[in-house]
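Undergrad: Compute the structure for the input listed below.
(2 chains)
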Amino acid sequence: DVVLTQTPPTSSATIGQSVSISCRSSQSLLDSDGNTYLYWYLQRPSQSPQLLIYLVSKLGSGVPNRFSGSGSGTDFTLKISGVEAEDLGVYYCVQGTHDPRTFGGGTKLELK
Amino acid sequence: QVTLKESGPGILQPSQTLSLTCTFSGFSLSTYGMGVGWIRQPSGKGLEWLANIWWDDDKYYNPSLKNRLTISKDTSNNQAFLKITNVDTADTATYYCARIASYVYYGFDYWGQGVMVTVSS
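TA: Model prediction:
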């Protein structure tokens, strides 16, 4: 199975600060169809996960543009440009290129 | 408006079969490119994908549990189902169903609220 390693496991930020979360894959996530099936989700406390980013860098519906995704191959980054209080929670990267679909271990974003 | 809601037994004993239902609205599992997946999360831990079922009845399972999982659907009643046989305490978790949509390149774009399942003797 593909292992996704997220760093840092915990990130502390002040409101307005920019933060980056890394997701490193044990295998390239570039599919034979030319797409890279890498997603980012946010799980707020006591809530279900919500889709933020798909195909590495495309924003999900209704997702603020302070969120951005980048990367290729095995290294990916989620950036939040100006953290807001509603952004606190656990962020997961997920890959869908290789079966089975696997999740990263999560990065908890908390207030400093 | 897309909504999904999971239902299940709440608590069951080791070796029993867990039966989960996902009742959804706002989309059809007979529509090309649509699917429903099941994901679980033990309390305080990360997420684990279990299985997907697609509009054309294709099914995919996590190999680590494949022999114990059965996913199915009832398109006319907008429901998807997951059965897990021979449960043990390690299956204690919150179970989510989520829609998979081709327009987001098969990401899980809508999730249910989750249903807690406890396996205990």
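Undergrad: So what's the residue count around residue 48?
TA: All of this refers to chain A. 21 (other Cβ atoms under 10 Å in any protein chain shown). Quick note: C-beta positions are derived from backbone N, CA and C, even for glycine.
Undergrad: Let me rephrase: I mean chain B.
TA: B:Glu48: 18 neighbours (other Cβ under 10 Å).
Undergrad: what's the closest non-adjacent residue to it?
TA: B:Arg40 (5.4 Å; Cβ to Cβ, 6 or more residues apart in numbering or on different chains).
Undergrad: Which other helices and strands does the helix or strand containing that neighbour contact?
TA: Assessed by DSSP states H and E, B:Arg40 sits inside strand B:34-41. Applying 3 or more Cβ pairs under 8 Å, 6 or more residues apart in numbering or on different chains; DSSP states H and E, one finds that strand B:34-41 makes contact with strand B:18-25, strand B:48-54, strand B:79-84, strand B:93-101.
Undergrad: For the third one, list the C-alpha coordinates in PDB.
TA: Listed in PDB are the C-alpha atoms of strand B:79-84, where the atom choice follows Å, rounded to 0.1, in the frame of the first residue of the first chain:
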ATOM      1  CA  GLN B  79     -29.200   3.400  -0.300                       C
ATOM      2  CA  ALA B  80     -25.800   1.800  -0.100                       C
ATOM      3  CA  PHE B  81     -24.800  -0.900   2.400                       C
ATOM      4  CA  LEU B  82     -21.700  -2.300   4.000                       C
ATOM      5  CA  LYS B  83     -21.400  -5.600   5.800                       C
ATOM      6  CA  ILE B  84     -18.400  -6.600   7.900                       C
END
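Undergrad: Could you list the buried residues of that strand?
TA: Residues of strand B:79-84 classed as buried: B:79-82, B:84 (neighbour count, 16 or more other Cβ atoms under 10 Å in any protein chain shown).
Undergrad: Which pair of these spans the longest distance?
TA: Spatial extent of those (Cβ to Cβ) is set by the pair B:Gln79 and B:Ile84 at 16.9 Å.
Undergrad: A:Tyr54 and B:Tyr103 touch, don't they?
TA: No - proximity of A:Tyr54 to B:Tyr103 does not meet the contact threshold set by Cβ atoms under 8 Å, at 9.2 Å.
Undergrad: more neighbours, those two?
TA: Between A:Tyr54 and B:Tyr103, counted using other Cβ under 10 Å, the more crowded position is A:Tyr54 (27 against 11).
Undergrad: interface residues of chain B facing chain A?
TA: Within reach of chain A by Cβ under 8 Å from any Cβ of the partner chain, chain B has these residues: B:37, B:46-49, B:52, B:60-64, B:96, B:104-109, B:111-114.
Undergrad: buried subset of these?
TA: B:37, B:47-49, B:52, B:60-62, B:96, B:104-109, B:111-112, B:114.
Undergrad: Test of understanding: give the bridge partners of the spatially most central residue of chain A.
TA: By Cα atoms, centre = their mean, the mean C-alpha position of chain A lies nearest to A:Trp40, the distance being 3.3 Å. Taking DSSP bridges as the rule, A:Trp40 bridges to A:Ile53, A:Cys93.
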